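1. Need coordinates for the following:
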Amino acid sequence: MDLNLREAILSNIASNNQEQLEATIVDAIQDGEEKMLPGLGVIFELIWNQSNDEDKQEMIDALEQGVKQATTS
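-> Alright, predicted model coming up:
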């Protein structure tokens, strides 16, 4: 069986509106289940690819701060 995880995730969210997309992200983060990580990765890839350089830098800055907070607590 040839399973393309990225395509499966995209198919699952293709018809979602903004509210549903937000709920998907929030639920995945709150649940903290490792099985949700690939889905969040695909969602992040979509966001990254739609972002300009300034937005990407903001995400990198936020990521850096998040990593620092998560590793110093």
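2. Give me the residue ranges of the protein where confidence is low.
-> 1-3, 73 (pLDDT under 70).
3. how about the strands in the chain?
-> Counting by DSSP state E, the chain forms no strands at all.
4. buried stuff in the longest helix along it?
-> For the chain, the helix that runs over the most residues, judged by DSSP state H, is helix 53-72. Judged by neighbour count (16 or more other C-beta atoms under 10 Å), helix 53-72 contains no buried residues. In short, each C-beta sits where N, CA and C put it, glycine included.
5. how far away is Glu45 from Pro38?
-> 10 Å (C-beta to C-beta, to the nearest Å).
6. hang on, the earlier thing: against which helices or strands is the longest helix of the chain packed?
-> If contacts are counted by 3 or more C-beta pairs under 8 Å, 6 or more residues apart in numbering; DSSP states H and E, helix 53-72 sits against helix 37-49.
7. for the residue nearest to Met36 when sequence neighbours are not counted, what are its contacts?
-> Setting aside the residues directly before and after it, Met36 is nearest to Ala28 in space (C-beta to C-beta, 6 or more residues apart in numbering), at 3.9 Å. Counting by C-beta atoms under 8 Å, 6 or more residues apart in numbering, Ala28 touches 36, 39-40.
8. again, but for Gly32
-> Neighbours of Gly32 in contact, by C-beta under 8 Å, 6+ apart: none.
9. For burial, what's the neighbour tally of Ile43?
-> The number of residues packed near Ile43 is 17, by other C-beta atoms under 10 Å.
10. my bad, should have said Gln50
-> Neighbour number of Gln50 under other C-beta under 10 Å is 8.
11. Could you do Ile25 as well?
-> 17.
12. correct me, but it touches Leu40?
-> Yes. Contact status for Ile25 versus Leu40: in contact at 7.0 Å, counting by C-beta atoms under 8 Å.
13. before we move on, back to that, how near is the residue nearest to Met36 to Glu54?
-> 26 Å.
14. if we can go back for a sec, if you rank the contacts of Ala28 by neighbours, which is first?
-> Neighbour max across the contacts of Ala28 (other C-beta under 10 Å) = Gly39, 19 neighbours.
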